[in-house]
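1. turn this into a structure:
(one chain, ligands or ions: 1)
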Amino acid sequence: MTVTTAWLADLQDALGADGVLTDPDVTAGYARDMAMMAPAGTPAAVVLPRTTADVVAVMQVATRHGIPVVPRGAGSGLAGASNAVDGAITLVMNRMDAVLEVSPEDRLAVVQPGVVNKTLRDAVAGHGLFYPPDPSSYDWCTIGGNLSTNSGGLCCVKYGVTTDYVLGLEVVLADGRVLRTGRRTVKGVAGYDLARLFVGSEGTLGVITEATLALRPAPHRPVTLAASFGTTAQTGQVVERVVTSGLVPSLLEVMDNTCIVAVDDLLRAELDRGAHSLLVAQSDAGGEAADRRDRGAGADLPRGGR
Ligand SMILES: Cc1cc2nc3c(=O)[nH]c(=O)nc-3n(C[C@H](O)[C@H](O)[C@H](O)COP(=O)(O)OP(=O)(O)OC[C@H]3O[C@@H](n4cnc5c(N)ncnc54)[C@H](O)[C@@H]3O)c2cc1C
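-> Residues are numbered from 1 along each chain as shown. I've put the predicted structure just below:
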């Protein structure tokens, strides 16, 4: 016999049967993210809103009945932050996946939270624009998840992380009230910066239902340099030289030997497996890039760059 509790009936009334999943075989797939060591409970229901009004309804029902809510994007997190707690509503934002606006004039995009990072990057590229935050999971993680974890990837050395691109947010608070905060302008200095308060808050302060994000002009095609070194000190000296000489690489990443061997085992990339460390650098500065590569690496690298 199926027992439908009052709060589940309320949710089904608000979102329709296909927006509220309770089959344990299905809901188990939403119980945890990619952090396999983090504990995860069992959600009582997985709810898939399509609109801000749906999210409002969910939060009102949850507050009325005292049910915990765990927002979830793609579940690519590595900290267990979207893992369910027993008896919770897991609120999966993937169906709210529209790029609502791309404005080359204002150099911004307005998106729903379920938009995948790569989808946004591809959408703005057609306008000669660039959305820089680049977690390595960019081809499947969502903007809502990026905002809530303040994601950033390899290009953060030049372009920063998600918080550097947030102009405004729409957020549904725990009791179902809708907060719109932030701006569409480059400058916005009046009042509290509530939009950034939500960035990195891992879903604890509210459910992000819309984001206004700053864009940049598309950069030039990057030039890449990889150099291997015999000691950590040598690697550090080269990084110091790059930074103090005023160069602004668009990527600067050091891998130690354990990492080099692991990556080479996986990708068969013909890395220098004997190297103590590997430095990967990129410049997207266009015509100057090759010159920057040569100035950054130089012919006097302690051990063969390539
Ligand atoms: C192979 C791999 C590589 C990765 N590389 C990077 C990297 O380079 N840099 C990096 O920062 N991270 C990286 N990550 C971690 C992860 O991809 C990011 O944290 C990503 O931003 C999570 O997005 P998501 O959509 O999967 O969110 P989820 O994992 O589903 O959720 C993450 C958090 O956001 C909250 N949340 C999601 N949507 C909303 C919303 N609409 N409103 C409020 N809260 C919400 C959740 O409750 C949870 O707290 C990587 C993960 C993998 C598996």
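2. the closest residue to Leu251 other than its chain neighbours: what secondary structure?
-> Closest residue to Leu251 apart from its sequence neighbours, by Cβ to Cβ, 6 or more residues apart in numbering: Gln282 at 3.8 Å. Bear in mind the C-beta positions are built from the backbone N, C-alpha and C, glycine included. Per DSSP: H, G, I helix; E, B strand; the rest coil, the secondary structure class of Gln282 is strand.
3. what distance do you get for Gln282 to the ligand?
-> As defined by Cβ to the nearest ligand atom, to the nearest Å, Gln282 lies at a distance of 15 Å from the ligand.
4. could you give the bridge partners of that residue?
-> Thr224, Leu251 (DSSP bridges).
5. and it, how many neighbours?
-> Gln282: 22 surrounding residues under other Cβ atoms under 10 Å.
6. going forward, begin numbering at 133 instead of 1
-> From this message on, residue numbering opens at 133, which makes the last subject Gln414.
7. isn't it up against Leu357?
-> Yes - counting by Cβ atoms under 8 Å, Leu357 is a contact partner of Gln414 at 7.4 Å.
8. residues contacting the residue nearest to Leu383?
-> Neighbouring residues of Gln414 by Cβ atoms under 8 Å, 6 or more residues apart in numbering: 354-357, 381-384.
9. quick one: contacts of stretch 374-392?
-> Contacts of stretch 374-392 (Cβ under 8 Å, 6+ apart): 286-287, 289-291, 351, 354, 356, 364, 367, 371, 395, 403-405, 407-417, 424, 427-428.
10. now the residues you listed: which count as buried?
-> 286-287, 289-291, 351, 354, 367, 371, 403-404, 407-411, 413-417, 424, 428 (16 or more other Cβ atoms under 10 Å).
11. how about stretch 239-258, does it reach the ligand?
-> Yes - using Cβ under 6 Å from any ligand atom, stretch 239-258 reaches the ligand at Pro245.
12. Three-state assignment for the residue in the stretch 333-438 of the chain that the ligand sits nearest to, please.
-> Per Cβ to the nearest ligand atom, Gly335 is where the stretch 333-438 of the chain lies closest to the ligand, at 2.9 Å. Here Gly335 is coil, with the state taken from three-state DSSP.
13. do I have it right that it meets Gly205?
-> No - between Gly335 and Gly205 there is no contact under Cβ under 8 Å: 9.2 Å.
14. of those two, who's got more company?
-> Between Gly335 and Gly205, counted using other Cβ under 10 Å, Gly205 has the larger neighbour count: 29 against 22.
15. quick one, what contacts the more buried one?
-> 214, 225-226, 245-246, 273-278, 280.
16. redo that, cut-off 10 Å
-> When contacts are counted by Cβ atoms under 10 Å, 6 or more residues apart in numbering, Gly205 touches 165, 213-214, 224-226, 245-249, 272-281, 335, 340.
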